[in-house]
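Engineer: quick one, what's the 3D model for this:
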Amino acid sequence: MTLAAITVWSAAHASMMGARPAALVGPSSVPSIFSPSSTPADSVYTLSLFILAITGTIFVVVAALLTYAIFKFRRRADDDGREPPQVYGSNQVELAWTVTPVLIVLILFFAAARVINAIQQAPQPPSAVEVTVVGHQFWWEYRYPKLGVVTANELHVPVSDRSNPTPTFMTLLSADTDHSFWVPQLAGKTDLIPNRTNHMWIDPHEPGMYVGQCAQYCGVQHAKMLLRVYVDTREQFNKWIAEQAKPAQTAESVAEGKRIFETTACINCHAISGTVANGKFGPDLTHLMSRETLAAGAAPNNSQQLRLWITNPDAIKPGSLMPAMQLSDRDLDAVVAYLGSLR
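Structural biologist: Residues are numbered from 1 along each chain as shown. I've put the predicted structure just below:
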């Protein structure tokens, strides 16, 4: 993760820490493969330790031999300038330095192949949650095809009980250029490539919020294409799904904002269920205010930041494809009030 991404994530995460119970914060506040909380991530972590142990041993042995040679055969004041005895044609030495590296490479190859196969060929149980992940410049779209839910930027999945696993299987697609889905504590990174379908799965063992990053350079705002995965208890997840499946419900007091929204170019990019807005280029806004961040984690989700995002997206995310909406102050207030009612 880039320094800019860590800075942005830290600011938004600090905001979320105050908004969510401490129990729902992930076990690690920094994305790291060294604190796995899912079977694929644990497999990657174990493999990394195994490889580190072998390569570390090689480093220590080579460094020790070099150190020994430096001190043993260093130039001395009484040297007569002659070369030490040379060894030629030693089959034992040549066999050792040929066979040993080949064996090491084979061990590393088969260890890595075993882990890759175990992750990629894992069977999908009937209890698995299915999510279609679509990478956009520069945000994430999440579709739950069997549950009738579409949301953006904040992925919700149920915690997986080790005795009764409920993993989440994800289909990865790209709407434009290459992206990469990477939440280190949950799984290794997997690319989203145009005109290609990739797959990955996670089975988080602890509730909480896990952060990640688009790990493939995808444009000027790549560093702010952040990932948040909320691992809920089964009861919390079911409640969240039930709320997200409902159509947008708005009060009469924001009817003017709804009218303005539906008569501007907003509906060409965004969708709000139960309204005429059915755009596909931008995030679904049906339950916008149920999310804790805006612009894929670039800013906290509140009325002040929402107002800034509508009037001048570049102030939050320079290079964003979101156009600046030229609304009067009155119309802007009405639209912000309307969007603020979408929960």
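Engineer: so for Asp314, what's the nearest residue that isn't a sequence neighbour?
Structural biologist: Leaving out its chain neighbours, the residue that sits closest to Asp314 by CB to CB, 6 or more residues apart in numbering is Ser320, at 6.6 Å. The way it works is simple: take the backbone N, C-alpha and C, and place the C-beta from them, glycine included.
Engineer: my guess is the one you found contacts Met225. True?
Structural biologist: No - counting by CB atoms under 8 Å, Ser320 does not reach Met225; the two are 10.5 Å apart.
Engineer: more neighbours: the two, which one.
Structural biologist: Met225 (28 against 22; other CB atoms under 10 Å).
Engineer: how close does that one sit to Ala41?
Structural biologist: 20 Å (CB to CB, to the nearest Å).
Engineer: now for Ser320 and Met225: what residues contact both?
Structural biologist: Here Ser320 and Met225 share the contacting residues Phe138, scored by CB atoms under 8 Å, 6 or more residues apart in numbering.
Engineer: let me know the secondary structure of Gly212.
Structural biologist: strand (DSSP: H, G, I helix; E, B strand; the rest coil).
Engineer: ok so, going back, in which helix or strand would I find the residue nearest to Asp314?
Structural biologist: Under the criterion DSSP states H and E, no helix or strand holds Ser320.
Engineer: so who does it touch?
Structural biologist: So Ser320 contacts Phe138, Gln221, Ala295, Pro313, Asp314 (CB under 8 Å, 6+ apart).
Engineer: among those, which one lies nearest to Glu262?
Structural biologist: Pro313 (20.4 Å; CB to CB).
Engineer: tell me how many other residues crowd the closest one.
Structural biologist: Residues near Pro313, counting by other CB under 10 Å: 20.
Engineer: can you give me the distance of it to Pro323?
Structural biologist: 7 Å.
Engineer: can you check Phe109 too?
Structural biologist: From Phe109 over to Pro323 (counting by CB to CB), the distance is 50 Å.
Engineer: over to Ile104?
Structural biologist: Distance, Ile104 to Pro323, by CB to CB: 56 Å.
Engineer: so these two - more neighbours on which side?
Structural biologist: Neighbour tally, Ile104 and Pro323, criterion other CB under 10 Å: the higher count belongs to Ile104, 14 against 11.
Engineer: surely that one is in a strand?
Structural biologist: No - Ile104: not assigned to a strand; according to three-state DSSP it is helix.
Engineer: doesn't Ile54 make contact with it?
Structural biologist: Yes - using CB under 8 Å, Ile104 is in contact with Ile54, at 6.5 Å.
Engineer: what's around the closest residue to Ala277 other than its chain neighbours, how many residues?
Structural biologist: Sequence neighbours aside, Ile267 is the residue nearest to Ala277 in space, at 4.0 Å (criterion: CB to CB, 6+ apart). Look at Ile267: counted by other CB under 10 Å, it has 16 neighbours.
Engineer: then Arg143?
Structural biologist: 19.
Engineer: which residue comes closest to it once chain neighbours are left out?
Structural biologist: Thr132 (4.2 Å).
Engineer: the helix or strand hosting that neighbour - what's its average pLDDT?
Structural biologist: Using DSSP H and E, Thr132 falls within strand 129-136. Averaged across strand 129-136, pLDDT comes to 97.
Engineer: adjacent strands (with direction) for the following helix or strand past it?
Structural biologist: The C-terminal neighbour of strand 129-136 among helices and strands, as given by DSSP H and E, is strand 139-144. Here strand 139-144 has these sheet partners by DSSP bridges: strand 129-136 (antiparallel), strand 149-152 (antiparallel).
Engineer: ok, and which of these has the densest surroundings?
Structural biologist: strand 149-152 (a mean of 22; mean count of other CB atoms under 10 Å).
Engineer: now the angle from the helix or strand following that strand to strand 129-136?
Structural biologist: Using DSSP H and E, the next helix or strand after strand 149-152 towards the C-terminus is strand 154-158. Between strand 154-158 and strand 129-136, the angle comes out at 170 degrees (axes from the mean of the first three to the mean of the last three CA atoms, to 10 degrees).
Engineer: quick one: contacts of strand 154-158?
Structural biologist: 129, 131, 133, 140, 142, 166, 168, 202, 204, 227-234, 237, 240-241, 291-293.
Engineer: phi, psi of Ala299?
Structural biologist: phi -150, psi 150 (degrees, to the nearest 10).
Engineer: quick one: the residue nearest to it when sequence neighbours are not counted and Met289, what's the gap?
Structural biologist: Of all residues not flanking Ala299 in the chain, Gln305 sits nearest, at 4.4 Å (CB to CB, 6+ apart). From Gln305 across to Met289, the span is 12 Å (CB to CB).
Engineer: what does Val229 give?
Structural biologist: Counting by CB to CB, the gap from Val229 to Met289 is 20 Å.
Engineer: more neighbours: which of the two?
Structural biologist: Neighbour totals were compared for Val229 and Met289, and Val229 leads with 24 against 15 (other CB under 10 Å).
Engineer: contacts only, for that one.
Structural biologist: Contacts of Val229 (CB under 8 Å, 6+ apart): Glu154, Leu155, His156, Val157, Val183, Leu186, Ile202, Pro204, Met209, Tyr210, Val211, Gly212.
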